[in-house]
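give me coordinates for this.
(chains A, B, C and D, ligands or ions: 4)
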Protein chains: 2
Amino acid sequence: MDWQKLLTQAGFRISKPRKQVMQLLESTQTPQTALAIYQQLRAQGARLSLVSVYRTLELFVSLGLISMVYEPEGSLGYVPASAGHHHYILCQVCHRAVEFAGTEDLAGLIYQVENQTQFLVSDHLLQFFGVCPKCQNKSKESA
Amino acid sequence: MDWQKLLTQAGFRISKPRKQVMQLLESTQTPQTALAIYQQLRAQGARLSLVSVYRTLELFVSLGLISMVYEPEGSLGYVPASAGHHHYILCQVCHRAVEFAGTEDLAGLIYQVENQTQFLVSDHLLQFFGVCPKCQNKSKESA
DNA sequence: CGCCTATTGAAAAACTTTTACAATAAGGAA
DNA sequence: TTCCTTATTGTAAAAGTTTTTCAATAGGCG
Ligand SMILES: [Mn+2]
Ligand SMILES: [Mn+2]
Ligand SMILES: [Zn+2]
Ligand SMILES: [Zn+2]
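Numbering: from 1, shown residues only, chains lettered A, B, ... in the order given. Ligands and ions are numbered 1, 2, ... in the order given. Take a look at the predicted model:
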C-alpha cells in the first residue's frame, strides 16, 4: 500500500511537511538525520520547520514507513522501509543502506543463545557494515 | 589482564575518576548512561565531574574495556566488557545485560547476505532483547 | 621528594530534542 | 465550492546532551 493511503487510513493527514520528508527520504540511498533532512529541504526552498521533521520521523517510524539505522559515527539515520521483517547493510565508503530480507535469519543463533543464557528472546537489533559492489569496483580500478 | 595494568601499559594514568567509573560499572548488572554513572557516583560522595565521565567512557570503549549497548528506549548504556568477540542480550523487564559469545555467530547469515547484496561484509551490530531467567520465574509465580 | 605533564573540574559553548501555544491548513460535510 | 472542525504546523523557549577551553591538580617516574 502507498504511504499516503496508509496515513489516511490510520487517521492522519497528508500535510506538506510529511510529503516533503517522505519525498526526500525516497530520493536518497543513504540514511539521513533529522537535521540533514531539514537542511536539504530548506536548501530546496521548502518552508517546513525542524520540529516538523522530528514529528514526522517519529510518526513514520511508528507506522513502519521508515526505519532508523545506527550510523557507525554515532548518529541516527532514517531510510524508507519496505514492509515485513528486514535489516540493513551499510556501505562504509559511500554510506548507502541496502535492505536484506530477515525472516528466520537468526533462528539458529537465537536457539543457541536461549540455551546458553536461559533468556527468552523476543526481539533483536541487527545491522551489517561493509563495502557495496560499486565501491568495491572503485577500489579495484584505483589499484 | 586487569584493567589498570592495561591502562598503564597503554600510557594512561590510573586517576580517581577512572577508578570510580570502572568500579561503578563493575558493580551493576545493568547498562548505565553517562549521566546515570555521574549521578550515582555523586550520590555516593564522589567528587568527579560529568565531563570526566564522558572522557573516561570514551577512553574505556576505545581500549575495549567496556561496551556500548543500545537501550530499547533510545539511550546509550555502558557495561564492562570481557575480552574477545561477543554481544549482549538485554532483559526487557529488569534491564540486565548479559554477554554471549560471538565467534562465528553470523558466518552463515553473512554468507547469505553477501550473495544477496554483493556487499563485502566486514562488521556487524547485534543485540538481543528478551526476558532473563529470573524475570521469567517472577512472571510464573505471580500467575 | 620533586618534577613533568596527563588529567581534571568549572564554565561556557555547541548541539540536539522536546514542549507550549497560537496560527494555519487538511479534508469531510453541506 | 465553501464552510467548519480540529489535526498539524511554526515560532520561541526550554530542556537535555555532549564538546570545548583552559587554568589548576595530581599521577607516576626519576
Ligand atoms: Mn531479523
Ligand atoms: Mn558477532
Ligand atoms: Zn558504497
Ligand atoms: Zn530480567
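
relative to strand B:120-131, how tilted is the strand ranked longest in chain A?
Secondary structure of chain A per DSSP state E: the longest strand is strand A:120-131. Put simply, strand A:120-131 runs at 160 degrees to strand B:120-131, going by axes from the mean of the first three to the mean of the last three Cα atoms, to 10 degrees.

C-terminal to strand A:120-131, what's the next element?
helix A:133-142 (DSSP states H and E).

and that following helix, anywhere near ligand 3?
Yes - against ligand 3, helix A:133-142 shows contacts by Cβ under 5 Å from the ion at residue A:135. Every residue, glycine included, has its C-beta placed from N, CA and C.

and the average pLDDT for that helix is what?
Mean pLDDT, helix A:133-142: 89.

and if you look at stretch A:34-52?
Rounded mean pLDDT across stretch A:34-52 is 98.

swap in stretch A:103-111?
What stretch A:103-111 shows for mean pLDDT is 94.

ok, it near ligand 2 or not?
No - applying Cβ under 5 Å from the ion, one finds stretch A:103-111 separated from ligand 2 by no less than 9.1 Å.

can you give me how far that stretch is from the chain middle?
22 Å (Cα atoms, centre = their mean, to the nearest Å).

give the buried residues for that stretch.
Going by neighbour count (16 or more other Cβ atoms under 10 Å in any protein chain shown), the buried part of stretch A:103-111 is A:105, A:106, A:109, A:110.

likewise stretch A:74-82?
Buried-residue list, stretch A:74-82, by 16+ other Cβ under 10 Å: A:77, A:78, A:79, A:80, A:81.

what's the answer for stretch A:129-138, then?
Buried, per 16+ other Cβ under 10 Å, within stretch A:129-138: A:129, A:130, A:131, A:132, A:135, A:136.

how near is the spatially closest residue to the fifth one that is not a sequence neighbour to DNA strand D?
Spatial nearest neighbour of residue A:135, excluding adjacent residues (Cβ to Cβ, 6 or more residues apart in numbering or on different chains): residue A:93 at 3.9 Å. Using Cβ to the nearest atom of the strand, to the nearest Å, one obtains 23 Å as the distance from residue A:93 to DNA strand D.

one step back: looking at the buried residues of stretch A:74-82, spot the one nearest residue B:117.
residue A:79 (14.6 Å; Cβ to Cβ).

the closest one looks like it's in a helix, true?
No - applying DSSP: H, G, I helix; E, B strand; the rest coil, one finds residue A:79 to be strand, outside a helix.

contacts only, for it.
Shown in contact with residue A:79 (Cβ atoms under 8 Å, 6 or more residues apart in numbering or on different chains): A:25, A:31, A:32, A:66, A:67, A:69, A:88, A:97.

kindly indicate which of the buried residues of stretch A:129-138 lies nearest ligand 4.
residue A:129 (29.8 Å; Cβ to the ion).

neighbours of the closest residue to the closest one other than its chain neighbours, how many?
Here the nearest residue to residue A:129 in space, its sequence neighbours aside, is residue B:123; by Cβ to Cβ, 6+ apart that works out to 4.1 Å. Counted by other Cβ atoms under 10 Å in any protein chain shown, the residues lying close to residue B:123 total 11.

my guess is residue B:123 meets residue A:90, correct?
No - the criterion here is Cβ atoms under 8 Å, and residue B:123 misses it with residue A:90 at 9.3 Å.

let me know the pLDDT of the residue nearest to residue A:135.
96.
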